[in-house]
Structures are given as C-alpha cells and as structure tokens.
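A.B. asks: Fold the following for me, if possible:
(chains A and B)
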Amino acid sequence: MKKLIVAATCALAVMTGSVQAKEWKDIRIAFDVPYEPFEYKKPDGSLTGFEVELAEAMCKELQANCDFVIQSWDGMIPGLLARKFDAIMSSMSITPERQEKVLFSEPYYNTPGGWFAKNDETTDPTDMDAMKGKIVGVQRGTTMDTYVTENMSGVVEIKRYTTADDMVLDLEGERLDMVFVDYPVGEQTLLNRDGFHEIGQPVKLGEGVGVAMRKRDQDLAEQINKALTKLKNDGTYDTIMKKYFTYDVKM
Amino acid sequence: MPDFIVQWLNTHDVFTATTMLHYWDGLVTTVQLVFLSLVIGLVLSVPLAILRTVRNPFVSGPVWLYTYMFRGTPLLIQLYIIYYGIAQIQGIQQTFWWEIFKDPFYPALLAFVLNTAAYTTEIIRGALEATPHGEVEAAKAYGMSWFMRTRRIILPSAARRALQAYSNEVIFMLHASAIASVVTIVDLTGAARDIYSRFYAPFDAFIAVALMYMALTFSIIFVFRHLEKRMLRHLKPLS
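C.D. replies: Numbers count the residues shown, from 1 in each chain, chains lettered A, B, ... in the order given. This is a model prediction of the structure:
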C-alpha cells in the first residue's frame, strides 16, 4: 500500500510537473533601469528601450502574458534564483561564470567595449609598452573587467567601480588615465560631453547578451530561443534595432 | 606560496590560489588602513580631549563643533566628500597635493582619521571629566603644576576609565573600514566584491570575508582583554 501511494505521488508529481512545464502563459522579466538605450523609463513612467521592445515582441510571439519587473543589477541573479522573476533581459552578457548559475538563451545582441579618455590622452590601448603603468577604470564584473584582468594585469593598474557614474567622475578628476566600458555607456556618458574622446578601436568581447533563466526552466529557454530566431529572421528585430542604434548589434 | 598549496587550491571552484592572494592583499590593506587611522586618531584625540574640557568656550567650542559634525554624519558621506570633493577643486591636479590625493588610500585614511579622532576625543573627554576631585586636589596639594598633574595623575587615570569604551571604538572602526571599498580600494570587502562579481558566488565570497573580519575582531578583543587585566588589576575582585 505504502509503495502504491509513493508511486502514485511520484506519478502525480511527474504529471503536474510536465503540465506546468508547458504552460508559460505568465512570464516575469526583469530589467535594471536606466540603461539607455536598452531599457529606460519614458517621462510618463512606462518602460521602453531596445530590450524592452524586443521583450514585448517576444512575448507576442510566445502569446504569453508578460510582466516587467525592475530589479537593480546587484540582485539580478539572486532575484532570479529566488523566483522573484523568470527571466532577465537586462543586457546580461553570457559568461562561463554566469552559466554556472543560470541558463542562457541564444545571444540576441552584442555591443563592443570601447576605450575612452580625456582629449590629451592618445595612447593606443593595444600598444602594451605605451600602456605600461596607465590607470584603467572598469565596471566590476563586466566583460571589460574580465578582458583587462586577463590580458593586461601586470601592465596596467586596474580600478574597479560599481557604477559608471563614479568611474566617469574619477576620469574627470584625473585619477584614471582611461576607462574601458561598454560602448553605448561610453557614448552616453562621455562622448556627449566636451573634453573626452574615444581611443583605439572598439573591442568585440564575449559571447554576447542572452536571456537568463533558471537552469531548470529548459522548456522556457526552448520557447524563447524559437521566438528570438523568428524575430531575427522576419525583420522585426532589425526594425527595433534601427530605432535605437546607428551601429549593428545583431547577433 | 608553496606549490602543493597552489595545486590544492586550484582544485576549488571559487577559492583558487589567485582568489586567496586577492583576499590576502585585501587583508593587508584593511589592517594598514585601520591601524594607521587608529594610531593617528588616538594621537590627535588626546590633546583635543584636553582642549575640549577647558572652560573657555573659545578653546573648547571649535573642538566641540568638530566632534559634533563628524559624529553627526555618516562615515560614508565623509568619505565621498573627501574623495570626490577634493578631485573637483579647480586646479588641484597641478599641485603637489594631488600626488597624495590621487591615490584612494590617503583620502580614505583622512576620512577615517577624522572620524575616529572625533569619537575617541569624546570617549577620552568623558573619562577626563569623570576624574575624582580628590585625585586632582591631592595632586594640587603636592604642588604639582597643571602639566605635571595632567601627565602623571589625570591622563593615566582617564586612560583606565576610557579603555573599555575605546576597545569598542577600535572594533567599530574595523567594521566601518569596509566602506573603503566604495572608493576603489581593494580592502577585504573590496576583494570580496571582486570575487563575488567574478564567480557570482555571493555566499562563498562574503562568508569567507566575514570569517576574516571575525578573526580580526577576536584578535582585537584578545589584546584589549589583556590590557584590561593589566591596567584594571586594582579593580579585580579579590576572590
């Protein structure tokens, strides 16, 4: 009798599990705002941006009811794992370290990293001799951080910042010789102002940005991948991209 | 590090040899920062506390204002003002001051010294004011000058009374030093944040660092307990 109950319970669990697995009618997607032009708030308070519009198109494709959640970056992965939301579409680059914790969809965009400095600094960042002893600012935990740490530690002095604002302030105050940031961030915060320019070439880094999900939600990942492929092929992706970028970020 | 330890460490996911070296650098920075701020802060606070007890308000007033301001605002704000504020002063980059303030260590040290000196000043002032009248009168009766009775009678007696409160201040300072990491200093907390964001392992990174802070705290408690045993021996119960 006992065995029967156990077996029945197991069967029930498997059944309800599989039923639940197919139903992804409600998806909660997290963004960290503001991160122009990917996700930010309009003056009326509604969310918009490249990733938000892409998420909207994706949800339409999935015929799912999507809820957009705002979550600060530090709590992104913990929040996902704690089931505060089901997916992250907040410019999260795919890295092996993150893959240990979460499941990524196929990449849906990739922006390069850019080198920016004050106008009087013109060193070529690929010239390791000239770079010796320079102080480089990066945002902690970004692919730019990993790149500089792996390729240039010992040559340059690396300073890690939590926010881009603090880093820009230190570049302005001449505590840093140059910064290596996500290209759109540099464009937003530095190129718009006087006295700063881009040095060297933008560097394509990493495997791009993907939708992050919990590892157990394989079925959601499959559906999202299918939807993204469709959007990339039927021109919807390109239309949204052209609204926000002058350069190609498609992947 | 010896090879076999490196090999053993590199079998771990998070706590590899590189990670442990990063923690070690952080530990060294934290200890340096806290030790220097406490020593300089203590040296500053003794004369300040004496000035604070002077009856003339033109002497004690400014000290009161200083301790009031630094105890009334969060250390984080003081650090931000000193670190970012100084960099905003026009032309500071061309003066020799910039050689000192360019490095985040010295702005942080300055903020910590000013903060701990303010608290320590008030601790010592309390102890000075609690000096029993009899001790001062006896010193006067012996014909000691102000300087001599301060040095021989009042300060040693106040030091005994201040010791326990001061040990708290030392521990608070160690814990408060964690905010140095917001101005790019790689102290223990800074190292933990780097490791956290590299491996996305908040528990591993922060629990490890919490244990290190705890070890430091217990060493401080141990030292102070020893000092208390020596300096407060006369207060120990007989049996």
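A.B. asks: Run a quick neighbour tally on residue A:43.
C.D. replies: 5 (other Cβ atoms under 10 Å in any protein chain shown). Backbone N, C-alpha and C define where each C-beta goes, glycine included.
A.B. asks: Phi first, then psi, for it.
C.D. replies: phi -50, psi -30 (degrees, to the nearest 10).
A.B. asks: Any stretches of chain A with poor pLDDT?
C.D. replies: A:1-22, A:247 (pLDDT under 70).
A.B. asks: Swap in 80 and give it another go.
C.D. replies: Along chain A, the model assigns pLDDT under 80 to residues A:1-23, A:36, A:204, A:206, A:246-248, A:251.
A.B. asks: quick one, helices of it?
C.D. replies: A:2-22, A:50-62, A:76-81, A:96-99, A:128-131, A:143-152, A:164-172, A:183-186, A:218-233, A:236-244 (DSSP state H).
A.B. asks: How far away from the center of its chain is the second one?
C.D. replies: Distance of helix A:50-62 from its chain centroid, counting by Cα atoms, centre = their mean, to the nearest Å, is 15 Å.
A.B. asks: Counting by contacts, list what it packs against.
C.D. replies: Using 3 or more Cβ pairs under 8 Å, 6 or more residues apart in numbering or on different chains; DSSP states H and E as the contact test, the elements touching helix A:50-62 are strand A:26-31, strand A:65-70, helix A:218-233, helix A:236-244.
A.B. asks: What parts of chain B come near chain A?
C.D. replies: Within chain B, the positions lying close to chain A (Cβ under 8 Å from any Cβ of the partner chain) are B:13, B:84, B:87-88, B:93, B:98, B:102, B:104, B:182, B:184, B:186, B:190, B:193-194, B:196-200, B:202.
A.B. asks: Mind checking which of those are in helices?
C.D. replies: Counting by DSSP H, the part of the residues of chain B next to chain A found in helices is B:87-88, B:98, B:190, B:193-194, B:196-199, B:202.
A.B. asks: okay, now the closest residue to residue B:69 other than its chain neighbours: neighbour count?
C.D. replies: The spatially closest residue to residue B:69, leaving aside those adjacent along the chain, is residue B:118, at 7.8 Å (Cβ to Cβ, 6 or more residues apart in numbering or on different chains). For residue B:118, the count of nearby residues is 23 (other Cβ under 10 Å).
A.B. asks: Model confidence for residue B:118, exactly?
C.D. replies: Among the per-residue scores, residue B:118 holds a pLDDT of 97.
A.B. asks: What is the longest helix along chain B packed up against?
C.D. replies: For chain B, the longest helix by residue count, based on DSSP H, is helix B:17-53. In terms of contacts (3+ Cβ pairs under 8 Å, 6+ apart), helix B:17-53 is packed against helix B:3-9, helix B:57-72, helix B:105-129, helix B:155-176, helix B:188-199, helix B:202-231.
A.B. asks: buried sites along it?
C.D. replies: By 16 or more other Cβ atoms under 10 Å in any protein chain shown, the buried positions in helix B:17-53 come out as B:19-20, B:22-23, B:26-27, B:29-30, B:33-34, B:37-38, B:40-42, B:44-46, B:48-53.
A.B. asks: for that helix, the distance to its chain's centre please.
C.D. replies: With Cα atoms, centre = their mean, you get 5 Å for helix B:17-53.
A.B. asks: returning to that earlier point: quick check: which of the helices of chain A is nearest to residue B:176?
C.D. replies: Between residue B:176 and these, the shortest separation by Cβ to Cβ is 19.6 Å, and it involves helix A:164-172.
A.B. asks: what about that closest one, distance to the chain center?
C.D. replies: 21 Å.
A.B. asks: What are the buried residues along it?
C.D. replies: A:164, A:166-172.
A.B. asks: what does stretch A:114-134 give?
C.D. replies: Applying 16+ other Cβ under 10 Å to stretch A:114-134 flags A:114-118, A:121, A:123, A:125, A:131, A:134 as buried.
A.B. asks: which residues does the spatially closest residue to residue B:49 that is not a sequence neighbour contact?
C.D. replies: Excluding the flanking residues, the one nearest residue B:49 by Cβ to Cβ, 6+ apart is residue B:124, at 3.7 Å. Taking Cβ atoms under 8 Å, 6 or more residues apart in numbering or on different chains as the criterion, residue B:124 is in contact with B:45-46, B:49, B:158, B:162.
A.B. asks: How about residue A:89?
C.D. replies: Per Cβ under 8 Å, 6+ apart, neighbours of residue A:89: A:29-31, A:51-52, A:54-55, A:211.
A.B. asks: count of neighbours near residue B:222?
C.D. replies: Neighbours of residue B:222 (other Cβ under 10 Å): 10.
A.B. asks: Now do it, the pLDDT please.
C.D. replies: 96.
A.B. asks: Same check on the one 5 residues further on?
C.D. replies: At residue B:227, the pLDDT value in this model is 93.
A.B. asks: Next, count neighbours for it.
C.D. replies: 16.
A.B. asks: Distance check, the residue nearest to it when sequence neighbours are not counted against residue B:173.
C.D. replies: Sequence neighbours aside, residue B:163 is the residue nearest to residue B:227 in space, at 6.4 Å (criterion: Cβ to Cβ, 6+ apart). Separation of residue B:163 from residue B:173 (Cβ to Cβ, to the nearest Å): 15 Å.
A.B. asks: For chain B, give me the ranges with low pLDDT.
C.D. replies: Ranges of chain B meeting pLDDT under 80: B:1-2, B:13, B:200, B:238-239.
A.B. asks: can you do 90?
C.D. replies: Where chain B drops to pLDDT under 90, the residues are B:1-19, B:85-103, B:184, B:194-204, B:231-239.
A.B. asks: show me which of the buried residues of stretch A:114-134 neighbour chain B.
C.D. replies: Okay, of the buried residues of stretch A:114-134, nothing touches chain B (Cβ under 8 Å from any Cβ).
A.B. asks: Show me which of the residues you listed is closest to chain B.
C.D. replies: Closest approach to chain B among the buried residues of stretch A:114-134 (Cβ to the nearest Cβ): residue A:118, at 10.9 Å.
A.B. asks: OK, contacts around that closest one?
C.D. replies: A:171, A:174, A:195-197.
A.B. asks: For it, name its beta-bridge partners.
C.D. replies: Here residue A:118 shows beta-bridge partners residue A:196, assigned using DSSP bridges.
A.B. asks: okay, now the single nearest residue of the stretch 151-251 of chain A relative to chain B: neighbour count?
C.D. replies: Using Cβ to the nearest Cβ, the closest approach of the stretch 151-251 of chain A to chain B is made by residue A:173 at 2.9 Å. Residue A:173 has 20 neighbouring residues, counting by other Cβ under 10 Å.
A.B. asks: Now it: closest residue in space that isn't a chain neighbour?
C.D. replies: Residue A:173 sits nearest to residue B:87 (Cβ to Cβ, 6+ apart), 2.9 Å away.
A.B. asks: And for residue A:31?
C.D. replies: Using Cβ to Cβ, 6+ apart, the closest residue to residue A:31 is residue A:39 (4.3 Å).
A.B. asks: Show which residue of chain B lies farthest from the average position.
C.D. replies: Computed with Cα atoms, centre = their mean, the residue of chain B farthest from its C-alpha average is residue B:141, at 38.5 Å.
A.B. asks: got the residues of the stretch 151-251 of chain A near chain B?
C.D. replies: Neighbours of chain B within the stretch 151-251 of chain A, by Cβ under 8 Å from any Cβ: A:159-162, A:166, A:169-170, A:172-175.
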